[in-house]
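**Student:** return a 3D structure for these sequence lines:
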Amino acid sequence: MGQGNIAAAYTVVPEGSITTPKGFTAGGLHCGLKKTTRNDLGAIVCEVPAAAAAVYTLNAFQAAPIAVTRESIGSGGVLRAVIVNSGNANACTGKQGDADAYEMRSHF
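**Tutor:** Coordinates of the predicted model:
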């Protein structure tokens with residue numbers, strides 16, 4: 001996963017939405033998870049660490065990002081970003097899935 005220039009493909013979310021609270025920004029882009037050209041990756045970012053909580057699936061097969069999120073929230077109850085994708089469940093990916101989830105977290 002490179003850190004190329006994604007700004008040109010980034011769609012900004014309008015006012016009156018998740019970005020209405022001061023300090024929050026959000027957007028999405030198409031990164032190729034889906035065959036269509038619609039946005040398939042999104043982010044909500046806060047300028048400073050913000051209080052965070054989550055509700056997790058009870059499914060026995062929890063995807064690697066779930067474990068990474070639990071760890072992130074458990075280490076202080078704060079986050080600066082939430083990343084979501086469409087078109088890729090990230091489940092049953094083994095060690096590579098763990099590595100990918102930690103790499104994604106490292107970018108924020």
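
**Student:** what about Gly79, distance to Arg105?
**Tutor:** In this structure residue 79 is Leu, not Gly. Using CB to CB, to the nearest Å, Leu79 is found at 10 Å from Arg105. The way it works is simple: take the backbone N, C-alpha and C, and place the C-beta from them, glycine included.

**Student:** now Cys46
**Tutor:** 15 Å.

**Student:** so which of the two has more stuff around it?
**Tutor:** A side-by-side neighbour count of Cys46 and Arg105, using other CB atoms under 10 Å, places Cys46 first with 19 against 16.

**Student:** which residues does that one form a beta bridge with?
**Tutor:** Phe24 (DSSP bridges).

**Student:** hang on, isn't it packed against Phe24?
**Tutor:** Yes - between Cys46 and Phe24 there is a contact under CB atoms under 8 Å: 5.4 Å.

**Student:** burial check on Leu41, number of neighbours?
**Tutor:** Neighbour tally, Leu41, other CB under 10 Å: 22.

**Student:** does it touch Gly28 like I think?
**Tutor:** Yes - using CB under 8 Å, Leu41 is in contact with Gly28, at 6.3 Å.

**Student:** re the thing from before, joint contacts of Leu79 and Arg105?
**Tutor:** Ser72 (CB atoms under 8 Å, 6 or more residues apart in numbering).

**Student:** centre-most residue in this protein?
**Tutor:** Ile83 (0.9 Å; CA atoms, centre = their mean).

**Student:** what about Ser75, how many neighbours?
**Tutor:** 8.

**Student:** contacting residues for Thr69?
**Tutor:** So Thr69 contacts 54, 56 (CB under 8 Å, 6+ apart).
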